[in-house]
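J.: Here is my input; please provide its structure:
(one chain, ligands or ions: 1)
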Amino acid sequence: MSTAIRSTRHATADGRPLHDRVAVVTGSTSGIGLGVARALAGAGAAVVLNGFGGGADIETVRQEIAETNGVAVDYVPGDLGRPEAATDLVERALAAHGRVDILVNNAGIQHVAPIERFPPERWDAVLALNLSAAFHATRAVLPGMKARGWGRIVNVASAHGLIASPFKAAYVAAKHGLVGLTKVTALETAEQGITCNAVCPGYVWTPLVERQIDDQARAHGIAREQVIRDVLLAKQPNKRFATVEELGALTAFLCGPGAASITGTALPVDGGWTAQ
Ligand code: NAD
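T.: Have a look, this model is predicted:
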């Protein structure tokens, strides 16, 4: 594992709800994770970023979030598809900040194919990142959260953690599993000031969705525009993609004082998809 890019701390003494909290957000160099990292930093938390990407781009984002919000922002690389990488990420955050108060298990990948043509190695990769990495990271943060009597874990699941679609066997299985892990984590920590919730987005406009459009077009044998209209937003009654800012705001709320009694839930953010 390569070394973490340096931390920049800007002291603040304001009343922001997550002031002095330390947050680890997996898969936060892009999309929802980056939106969540920005929202948590905006609420006053120090943030540890993780994910893939160009070093210079990540350093630019890291500095921008730190300077805009006056908080420490670190970047710890690591392929969370490897079990030891999730544990290592938490250990590096603990070494840098002394504690992890907030864990957002967000890193995820997708593979779209019918089951009989689903490559077993893609099944393993999707399960490893979308489900097992959350287990390994949760396992690593819980002792400290329990010792301090405070913690927030937000698992970025999906509407596909609640319902299924064809051609997404690994993703749907992993996200249903992540909702199950969320409930168990919530029950095991309920008396210790810790909450654990899953957020279940429908379609959010991010690079992951952009990539799926081509995969879905191949699987269904239709054009990109038709995938957007008839496959993706066909199931989302409000006919709009959610934004990473909306996911960030919800996650910051779940980590704040107003959500102290919300635990073990799987919150749809899907424009009514799962209400049908
Ligand atoms: P994205 O592709 O924009 O971002 C994924 C992030 O995960 C990136 O930072 C990437 O570098 C990181 N990542 C990928 N593989 C990794 C690995 N092996 N180790 C560490 N980091 C890794 O995707 P997104 O759309 O922002 O999705 C984020 C999460 O939200 C995923 O769990 C996804 O399943 C979930 N989700 C997304 C949508 C959507 O419509 N975009 C809907 C429901 C759920």
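J.: Going by residue numbers, what spans are helices in the stretch 101-250 of the chain?
T.: Here the stretch 101-250 of the chain has its helices, by DSSP state H, counting those that start in this stretch, at 120-127, 133-148, 169-189, 207-220, 224-226, 244-255.
J.: quick one: average confidence on the last one?
T.: Spelled out, that is helix 244-255. The average of the pLDDT scores along helix 244-255 is 98.
J.: The next helix or strand after that helix pairs with which strands, parallel or anti?
T.: Moving toward the C-terminus from helix 244-255, the next helix or strand (DSSP states H and E) is strand 266-269. Note on strand 266-269: by DSSP bridges, its sheet partners are strand 194-201 (parallel).
J.: if I pick the spatially most central residue of the chain, what's in contact with it?
T.: Nearest to the mean C-alpha position of the chain, by Cα atoms, centre = their mean, lies residue 106 at 1.6 Å. Residues near residue 106 by Cβ atoms under 8 Å, 6 or more residues apart in numbering: 25-28, 32-33, 36, 156. All C-beta atoms are positioned from the backbone trio N, CA, C, and that covers glycine.
J.: what residue ranges in this structure score low on pLDDT?
T.: The chain contains residues with pLDDT under 70 at 1-13.
J.: how does it divide into domains?
T.: The record, using automatic domain parsing to delimit domains, assigns the chain the ranges 22-203+243-271, 205-240.
J.: which of these sits most buried?
T.: Greatest average neighbour count among the domains of the chain goes to domain 22-203+243-271 (a mean of 21), per mean count of other Cβ atoms under 10 Å.
J.: Could you tell me the end-to-end distance of that domain?
T.: Domain 22-203+243-271 has an end-to-end distance of 31 Å (criterion: Cα to Cα, to the nearest Å).
J.: So which of the helices of the stretch 101-250 of the chain is nearest the ligand?
T.: Nearest to the ligand among the helices of the stretch 101-250 of the chain is helix 207-220; the distance by Cβ to the nearest ligand atom comes to 3.2 Å.
J.: Next, the angle from that closest one to strand 194-201.
T.: Angle between the axes of helix 207-220 and strand 194-201 is 50 degrees (criterion: axes from the mean of the first three to the mean of the last three Cα atoms, to 10 degrees).
J.: How about the closest residue to the ligand within the stretch 51-200 of the chain, nearest residue that isn't a chain neighbour?
T.: With Cβ to the nearest ligand atom, the shortest gap between the stretch 51-200 of the chain and the ligand falls at residue 108, namely 2.2 Å. Closest residue to residue 108 apart from its sequence neighbours, by Cβ to Cβ, 6 or more residues apart in numbering: residue 130 at 4.5 Å.
J.: got a list of what the residue lying closest to residue 176 once chain neighbours are set aside touches?
T.: Among residues not flanking residue 176 along the chain, residue 161 sits closest, at 5.5 Å (Cβ to Cβ, 6+ apart). Taking Cβ under 8 Å, 6+ apart, we find residue 161 in contact with 172, 175-176, 178-179, 198, 200, 266.
J.: Phi first, then psi, for the residue nearest to residue 235 when sequence neighbours are not counted.
T.: Counting by Cβ to Cβ, 6+ apart, residue 235 lies nearest to residue 273, which is 5.0 Å off, once chain neighbours are set aside. Main-chain dihedrals, residue 273, degrees, to the nearest 10: phi -50, psi -50.
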